[in-house]
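Visitor: Build the 3D model from these lines:
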Amino acid sequence: MHYGIIGAGAMGYRYGVMLQEHVGVKVDFIETWEPNLQAVKSQGGVKVARDHQNQRLIPINIYRPEEYSGSPDVWIIFKKQMQLATELMRCQKAGLFKPHQYVFSAMNGMGHFEKISQFFDSDKIICGTAMIATRMDKPADVDFMGSLGTEVMHMAPYNNQAPNLTMQQIFQDFQLAQLGPKWATDWQGMCMSKVVFNAVCNTLCTMFEIQMGEFIQYPGVREMAKQLFDEAFDACERAGIELIETRQAEVDSVITVSKAYQYHYPSMYQDFSKGRPTEVDYINGYIAKLGRQNDYICRTHEFVVHEVHLAETMRQFK
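Guide: Residues are numbered from 1 along each chain as shown. From the prediction side, this is the model:
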């Protein structure tokens, strides 16, 4: 199969490079961030390390949307939530989307599949989540965190039907790429399970500008996590969304995942530290909005959203 990656960022590079190297399929990258494009072209590819070691240069095909004339079987989308609608419209105007194409995304937060469904048939959309930590330290320079084979991701059809043959082939390619795919039966419960995890680890690590391993050194981490998880689970239950993890499993995962990626700064912090807007409105903010829509107030999540935006605002005084 032929894959196209929309968004050559940390996760876009990881999926594309691992498919290219371990499966041997054709992969094309679509990018609109000029420094990233220029870095790839000037150095002849993307620099890839794993856990800060063995950096090497991987040749890749990369294009602006308007330059691209290919027709992948599958698009893999990794953009920031705030950029997605504009990016999809630009790609559509460039003629990139065709009726036969499938699309997969494992972006952080919620709200992206509703945007993607405006451009693709619902029976060709595969929703995903990824417990895969990746850093992009500078344009065309990424670091895959965690040893090979520790990657874990989930997939579920957007139409909540059984996966068809093409989806099974995509799943098999992800297996061969050693991305650790697992099928889930309900995309909303699957995605919200990742959102509520990020609402603890990503957001709190960002607020205090710490690595995940540093975060769990605080003795009160489980209590803090439980407070945020309980609000999120209560909101989901009122909305009729059943998460694929239990409350206790989510609390436990904060410790186990943070130990596995102890030197990792979450993606929200990576945006915050570079002066970019964060996705907190699509993570904690989405949970708070879901609660309000179902007559439940997630007071802690609402407060945390304000705190992150306050920190963003205060950067102007530094």
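
Visitor: alpha carbons only for contacts and neighbour counts from here, please
Guide: Will do.

Visitor: Over to His154: give its phi and psi.
Guide: phi -120, psi 150 (degrees, to the nearest 10).

Visitor: so is the residue nearest to it when sequence neighbours are not counted in a helix, a strand, or just coil?
Guide: The spatially closest residue to His154, leaving aside those adjacent along the chain, is Lys182, at 4.7 Å (C-alpha to C-alpha, 6 or more residues apart in numbering). Lys182 falls in the strand class when you classify it by DSSP: H, G, I helix; E, B strand; the rest coil.

Visitor: just use 24 as the starting number from now, easier for me
Guide: Yes, from this point I'll number from 24; that puts the last item at Lys205.

Visitor: can I assume Lys205 is in contact with Met178?
Guide: Yes: using C-alpha atoms under 8 Å, Lys205 is in contact with Met178, at 6.1 Å.

Visitor: hang on, Ile99 is in a strand, isn't it?
Guide: Yes: assigned with three-state DSSP, Ile99 falls within a strand.

Visitor: Give me the neighbour count for it.
Guide: Neighbour count of Ile99, defined by other C-alpha atoms under 10 Å: 22.

Visitor: same question, Ser170
Guide: Ser170, neighbours per other C-alpha under 10 Å, totals 10.

Visitor: go on, His324?
Guide: The burial count for His324: 27, using other C-alpha under 10 Å.

Visitor: That one - nearest residue in space that isn't next to it in sequence?
Guide: Closest to His324 by C-alpha to C-alpha, 6+ apart is Asn307, at 5.4 Å.

Visitor: State the distance from the one you found to Tyr181.
Guide: Noted for Asn307: a distance of 22 Å to Tyr181, by C-alpha to C-alpha, to the nearest Å.

Visitor: Please apply the same query to Ala255.
Guide: 22 Å.

Visitor: what about the two, which has more around it?
Guide: Using other C-alpha under 10 Å, the more surrounded residue of Ala255 and Tyr181 is Ala255, with 27 against 23.

Visitor: Let's see the pLDDT reported for the more buried one.
Guide: Per-residue confidence at Ala255 stands at 98 (pLDDT).
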